[in-house]
Structures are given as structure tokens and as C-alpha cells.
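Enquirer: Got a predicted structure plus its sequence, pasted below:
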Amino acid sequence: MLGLITAAVDDRSARGIAAGVSRLVTAGELPSGARLPTVRDVARQLGVSPTTVSEAWRSLARAGAIETRGRSGSFVIGSVPPRRRLRYAQLGNGLGNVARDYSTGVPDYDLLPVLTASLARVGDARLTTSYLEAPVLPALETVLRQRWPYPPEQLTVVDGALDALDRVTATLVRFGDHVLVENPAFPPVLDLLEAAGATVVGVPMDEHGMRPEALGAALKAYDPVAVFLQPRAHNPTGAGLTARRVAELAVELAAYPQVTIVEDDHAGDIATGPPVSLGTRLPHRTVHVAGFSKSHGPDLRLAALGGPAAVITAVADRRLLGPGWSSRLLQAVLLDLLTSPEAEARVAAAREVYAQRRATMLAELAARDVTATAADGINLWMTVDDQQMAMLALAAHGIAVAPGAPFAVTPLGADHVRITVGLIRDGHAELADIFAAAARAGARGSGSRSRPHPRGWR
């Protein structure tokens, strides 16, 4: 068994040892119930310190791959247990056709720029002459750099914000690593991190994002490799960083140079808040994702990814062995949209419409004593007495919303639902009556639930 473990380990750090043993467990080469060699024996065989192996064993135990039984030693539990059903998959309404589906998190297609003129201007442009050309159209890269909230060392384009986060996760995160995220967080990000074998730690937030003191405590306690956050139009709460909060978070992060900051600016140009980034304070450690799905169209399937050259180069190089690049035809369409006065006016108008829809529904709910947040973006985060009862009450009216549970890293102290308020064009007062009744459906009088935070966060 010592020889098997030694052959599987190509990186003799604690993380590398954990990854090698994890592969053996997953492949069944270390069978369930097998007793692992002692820490000292493994350390001697690999030529590392026992402390390094102990750290690897702790990571494996946290992930459920092995268990330690005191003086009896450490034993394989079995193959790394399969993930539970994806959080992302739980956001769908599951109701079939409903009259009003506010569970989707997608933009209002009628507010997106019209692509006809852009497609005509691009025509049948022959933009690819070699499989090894630069992945970004030079003219598009120039425009993206002008829009970036800080000067990135390198920039590339991938197939949407989630594709960017997936590729960054694969580059940065290894089995057993700790990663800090906002609590609540976007469910697909949690899925990605859990699929990578990361231990995800939720950091409490308020209306301005992660709370600095909570981030500082988590950094000290968990020694993470990365922090994932949304700088504005946070999904689901709508929270956004301010310049002051950026400075406060940067102070906490300054003492941990090994931590990479990954920012998902998914709302892009429909966000009311100005572009903001920790890259203005920590540029050599910040990876920023700029999405265009909400503002210019989900089917463009494009997002820009910029930051430290080491990370962006690793992503671009790995893509050479897969898709290679994102469609340069679609890049040309995006370039046209970003430089077209007509498209710019259309996006600006959409931003105003979304802001009005959020404000109107928030005012209606406040008048009915319902706690909700929707400071930016297209979503509204509503506190309810019981998530399942609220969703059933809404379904009775032919309305679907997303459950709040998949967004929670750890319990938030109250139940919630997420409503894609950006899709609500009219009838706000009528809907607010329905939402208010649903928020109170199934109220529990036992006192077992802690009182909701006045702003819906914990």
C-alpha cells in the first residue's frame, strides 16, 4: 500500500498527497475498510514531514474519504460519496407550465439589445485563420480593457460567466482546499466548488457584501486558497460592494497573500451600482469575471475573464485542449454591441426599467410588512415563514419562484425565496398581496426558529 500511495502522489504537498490518495479511493484501488499506513511511514516513504501527511489525512477525513479511529489508525471509508443533487437543479420550478415563472433568474428578453443590425454588420466575417490564434479578437480586447475596473495583467474570453468560474476553479482549487464564499451564495458556484472537492465556508454578509470582521475571522480559521464573491447585484440579495467595503476587505486580505480573489460580475451593464473590484487594491491577486448574458443576451454565451497572468494563461492553455476559443463570430457581435450607440442606449434603458421594477415591488412588499431585499440586478430575496409552504401557496396561483435553501451555505436563520423581479412588468400590487400571503403561509408558532434579521441576512 505504501508503494501504491507513493506512485499516486506527484505533488508532495499536503494538498497533492490528499489528491493522490483521493484518486486511489475513488478508483477503488484503496478499498473500503482498508487500514492506511501510519503517518510516519507515509512521510518516510515520500520524504516529507509527518505534519504534511497529517494535514493531508485531515483533508481526506473532512471530505469523507477516510476516518481516523484514534490509536487504531486511519481507514478508508469508501469511494468519495456521490454529490447530492445539484443545488442548481433545485432552482427550477418543477411545476411544468405555470402562468408566471419567476424562478428562472433570466433577463427580460424584450429589454435586450436587438441583434439584427449587429449580425448584419458582422456578416460572414472570416475571423479564424488558425487554431492557434489569440483567443480574443484584438479590437474586443481593447474595448474590454477600457471597461475593466482595474488594469488586468491578462484577459481572455470564455463561454459565459459560469464557464469562467468553472475554469478558474479547476485552476485554483484542489481536493481538500478551503474556499470562502458569501452566505448566501449563487448555487452553481457552490456546486462547482463541491465538485472540485473543496471545503466551502460561508462568510456572513450585509447590504454591502461580505462583512469585514467575518472575512477576517474566516481567513484566520481556515487558511483558504480563494475567496469567491459577487461585487455588485449579488444573486440572490442584490447587495453590492462600496468603495469603502472594498478597502475594508482588502485590509483583511492583505495578510494572506496566498489567497486569490475571484469576482463574478455577472449582471454587468444592467447593474445600477458602478463597477467595483478588489482588483483596485489587490490587482495581482484578483480574477474578475465580466458577464454579458444579463445585459446583452444569454445566447451570446460570452464572458470576459481578466486578472493575474498565471491564472488566465492556465485557463487559456487548457482550453486549447478543448474548445480552443469562444466563437469569434459571437465576439464580433459583442464588440459591435459594446460600441453601438443604439445598443448602449437600449442597455441603459433596460437598467432603468429593472431599477423601477425592483423599487416598485419593494415598496409594495414593505407596505405589507414583508421583509425583502433587491438593491440591484434582477432578483428579489424575500423572507418567508416557511419556504415549502410559501412555494406551495404561490403555485396555487400559478406562480413559480426559486427556493432559498440552495443558496444557503449554512443556515441563514430564516427561510427565503428568490423572485426574478426583473420579469414583473405590471400588476405589482396584486402580486404583492399574493407574495405577502405566501410569506406568512405556514407560520410556526413554536418559537423554534430564530427571528429573521431585519435585512434578511445572517
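Expert: Yes, it's here. The structure presented is a predicted model; accordingly, all values stated were derived computationally and were not measured.
Enquirer: For residue 67, which three-state class applies?
Expert: Assigned by DSSP: H, G, I helix; E, B strand; the rest coil, the conformation of residue 67 is strand.
Enquirer: Adjust the sequence numbering to begin at 150 for everything that follows.
Expert: Okay, residue one is now 150; in that scheme the one you just asked about reads as residue 216.
Enquirer: burial of it, as a residue count?
Expert: Here the number of neighbours of residue 216 (other C-beta atoms under 10 Å) works out to 12. The C-beta positions use only the backbone N, C-alpha and C, and glycine is treated the same way.
Enquirer: Identify the residues contacting it.
Expert: Counting by C-beta atoms under 8 Å, 6 or more residues apart in numbering, residue 216 touches 210, 223, 224, 226.
Enquirer: quick one: average confidence on the helix or strand containing the third one?
Expert: Going back to what we said before, that points to residue 224. Under the criterion of DSSP states H and E, residue 224 resides in strand 223-225. Here strand 223-225 scores 92 as its mean pLDDT.
Enquirer: Quick one: list the elements packing against the strand ranked longest in the chain.
Expert: Secondary structure of the chain per DSSP state E: the longest strand is strand 348-355. With contacts defined as 3 or more C-beta pairs under 8 Å, 6 or more residues apart in numbering; DSSP states H and E, strand 348-355 has these neighbours: strand 327-332, helix 336-344, helix 361-371.
Enquirer: strands paired with the helix or strand following it, and their directions?
Expert: Later in the chain than strand 348-355, the nearest helix or strand by DSSP H and E is strand 358-359. Paired strands of strand 358-359, with direction, are strand 348-355 (antiparallel) (DSSP bridges).
Enquirer: gap between the strand it pairs with and the chain center?
Expert: Chain-centre distance of strand 348-355: 12 Å, with C-alpha atoms, centre = their mean, to the nearest Å.
Enquirer: quick one: that strand to helix 361-371, angle?
Expert: With axes from the mean of the first three to the mean of the last three C-alpha atoms, to 10 degrees applied, the angle from strand 348-355 to helix 361-371 works out at 170 degrees.
Enquirer: ok, and for strand 348-355, which residues are buried?
Expert: By neighbour count on 16 or more other C-beta atoms under 10 Å, the buried set for strand 348-355 is 348, 349, 350, 351, 352, 353, 354.
Enquirer: Tell me which residues touch the residue nearest to residue 445 when sequence neighbours are not counted, please.
Expert: Of all residues not flanking residue 445 in the chain, residue 486 sits nearest, at 5.3 Å (C-beta to C-beta, 6 or more residues apart in numbering). Contact partners of residue 486, counting by C-beta under 8 Å, 6+ apart, are 262, 264, 267, 445, 492.
Enquirer: closest to residue 451 among those residues?
Expert: Nearest to residue 451 out of the contacts of residue 486 is residue 445 (C-beta to C-beta; 8.2 Å).
Enquirer: how about the helices in the stretch 200-349 of the chain?
Expert: Remark: helices assigned in the stretch 200-349 of the chain by DSSP state H, counting those that start in this stretch are 265-271, 287-296, 310-321, 336-344.
Enquirer: and the shortest one, C-alpha only, in PDB?
Expert: Extracted C-alpha coordinates of helix 265-271, given in PDB (Å, rounded to 0.1, in the frame of the first residue of the first chain):
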ATOM      1  CA  THR A 265     -30.200  42.100 -36.200                       C
ATOM      2  CA  ALA A 266     -28.100  45.200 -37.100                       C
ATOM      3  CA  SER A 267     -25.000  43.700 -35.400                       C
ATOM      4  CA  LEU A 268     -25.400  40.400 -37.200                       C
ATOM      5  CA  ALA A 269     -25.700  42.300 -40.500                       C
ATOM      6  CA  ARG A 270     -22.600  44.300 -39.800                       C
ATOM      7  CA  VAL A 271     -20.600  41.300 -38.900                       C
END
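Enquirer: Identify all contacting residues around it.
Expert: Contacts of helix 265-271 (C-beta under 8 Å, 6+ apart): 478, 481, 482, 485, 486, 489, 491, 492.
Enquirer: Can I take it that the fourth one is in a helix?
Expert: So that's residue 485. Yes - secondary structure assignment (three-state DSSP) places residue 485 inside a helix.
Enquirer: Check the gap between the closest residue to it other than its chain neighbours and residue 447 for me.
Expert: Nearest residue to residue 485, sequence neighbours excluded (C-beta to C-beta, 6+ apart): residue 267, at 4.1 Å. Computed with C-beta to C-beta, to the nearest Å, the distance linking residue 267 and residue 447 is 16 Å.
Enquirer: returning to that earlier point: what helices and strands are in contact with the strand holding residue 224?
Expert: Using 3+ C-beta pairs under 8 Å, 6+ apart, strand 223-225 sits against strand 215-217.
Enquirer: Quick check: mean pLDDT of the strand it packs on?
Expert: 88.
Enquirer: Kindly report the same for stretch 568-581.
Expert: On average, stretch 568-581 scores 98.
Enquirer: can you check stretch 587-603 too?
Expert: 57.
Enquirer: Can you pull out the low-pLDDT segments for the stretch 200-349 of the chain?
Expert: Scanning the stretch 200-349 of the chain for pLDDT under 70 picks out the ranges 227-234, 242-245.
Enquirer: repeat that for 90
Expert: Counting by pLDDT under 90, the ranges of the stretch 200-349 of the chain that qualify are 207-221, 226-247, 270-283, 323-326, 344-348.
Enquirer: Reformat the contacts of helix 265-271 into JSON lines and put distance to residue 323 and secondary structure next to each item.
Expert: Shown next, in JSON lines, are those (distance: C-beta to C-beta, whole Å; DSSP: H, G, I helix; E, B strand; the rest coil):
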{"residue": "478", "distance to residue 323": "36", "secondary structure": "helix"}
{"residue": "481", "distance to residue 323": "37", "secondary structure": "helix"}
{"residue": "482", "distance to residue 323": "37", "secondary structure": "helix"}
{"residue": "485", "distance to residue 323": "40", "secondary structure": "helix"}
{"residue": "486", "distance to residue 323": "38", "secondary structure": "helix"}
{"residue": "489", "distance to residue 323": "43", "secondary structure": "coil"}
{"residue": "491", "distance to residue 323": "46", "secondary structure": "helix"}
{"residue": "492", "distance to residue 323": "41", "secondary structure": "helix"}
